[in-house]
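Structure, please.
(one chain, ligands or ions: 1)
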Amino acid sequence: MVACRRMRTGDLEVMNSSPDYDSANIFAKILRGEAPCYKVFEDERTFAFLDIMPQAEGHTLVIPKFGAADVFRLPSEDLAATIITTQRVAGAVKKAFAAPGVMIAQLNGSAAGQTVFHLHFHILPRFNGIDMRMHARGMADCETLAAHAERIKAVL
Ligand code: AMP
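So this is what the prediction gives:
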């Protein structure tokens with residue numbers, strides 16, 4: 001991989017978590033600044049960044065800072081904050097990519113296809129007649145992801 005400009009969040013902590021939460025997952029590492037990401041938004045309870053294996057250009061993930069594996073384990077205040085951020089970021093993604101449609105998806109449990117066990121909402125711009133790519137497969141290149149993050153941030 002060529003030199004990436006993915007940001008480290010640095011001083012963030014996973015603020016709190018449900019009892020059975022495994023804080024070794026990649027999104028917890030991103031929140032703690034131990035792994036880099038293409039951040040687009042952050043507030044007190046939530047964090048948004050680009051999916052590194054996008055199923056469409058602009059594929060963005062929104063997560064709570066609270067450590068919860070799935071929707072059933074997230075306190076309602078954090079769930080409310082996460083869906084409000086999802087609405088806001090989805091609007092920015094829609095505008096930034098001039099998308100006529102936006103898909104918002106959230107998977108719970110491996111049987112549902114979940115691969116990272118920190119709750120997240122997927123935001124995917126959709127266009128008539130254009131299929132999504134496979135889930136969590138091909139890695140996008142750094143420059144493209146960095147440019148896409150800037151496009152979304154410019155709208156937010
Ligand atoms: P899910 O299968 O719903 O749990 O989605 C997990 C998503 O996280 C997939 O779409 C992956 O492409 C994405 N993903 C995995 N690792 C990273 C990472 N380091 N940074 C950004 N996205 C990631």
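
Only C-alpha atoms from now on, for both contacts and neighbour counts.
Will do.

State which helix of this structure is the longest.
For the chain, the helix with the greatest residue count under DSSP state H is helix 76-96.

in what helix or strand does A35 lie?
Using DSSP states H and E, A35 falls within no helix or strand.

in what helix or strand does the closest residue to it other than its chain neighbours lie?
Nearest residue to A35, sequence neighbours excluded (C-alpha to C-alpha, 6 or more residues apart in numbering): K29, at 5.3 Å. Secondary structure assignment for K29, by DSSP H and E: helix 26-32.

I'd like the next helix or strand past that helix.
Counting by DSSP H and E, what follows helix 26-32 is strand 39-42.

mind listing what the next helix or strand after that following strand pairs with, with the direction of each?
Next helix or strand after strand 39-42 toward the C-terminus (DSSP H and E): strand 46-50. In the sheet, strand 46-50 lines up against strand 39-42 (antiparallel), strand 60-64 (antiparallel) (DSSP bridges).

Show residues contacting the longest one.
Around strand 60-64, the neighbours that count as contacts under C-alpha atoms under 8 Å, 6 or more residues apart in numbering are 45-51, 54, 78-79, 81-82, 85-86, 93, 118-124.

For the strands paired with strand 46-50, could you give me CSV that also reports distance to the ligand and mean neighbour count?
Below are these laid out as CSV (distance: least, C-alpha to the nearest ligand atom, whole Å; neighbours: other C-alpha atoms under 10 Å):
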stretch, distance to the ligand, mean neighbour count
strand 39-42, 10, 20
strand 60-64, 7, 28
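
and the ones you listed as CSV, adding mean pLDDT?
Formatted as CSV, the strands paired with strand 46-50 follow (pLDDT from 0 to 100):
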stretch, mean pLDDT
strand 39-42, 98
strand 60-64, 98
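
ok, and the closest non-adjacent residue to the residue most central in space within the chain?
Nearest to the mean C-alpha position of the chain, by C-alpha atoms, centre = their mean, lies L61 at 1.5 Å. In this structure, L61 finds its nearest non-sequential neighbour in H122, 4.8 Å apart by C-alpha to C-alpha, 6+ apart.

could you give the angle of whatever helix or strand the one you found lives in to helix 76-96?
Using DSSP H and E, H122 maps to strand 121-126. Angle, strand 121-126 to helix 76-96, by axes from the mean of the first three to the mean of the last three C-alpha atoms, to 10 degrees: 20 degrees.
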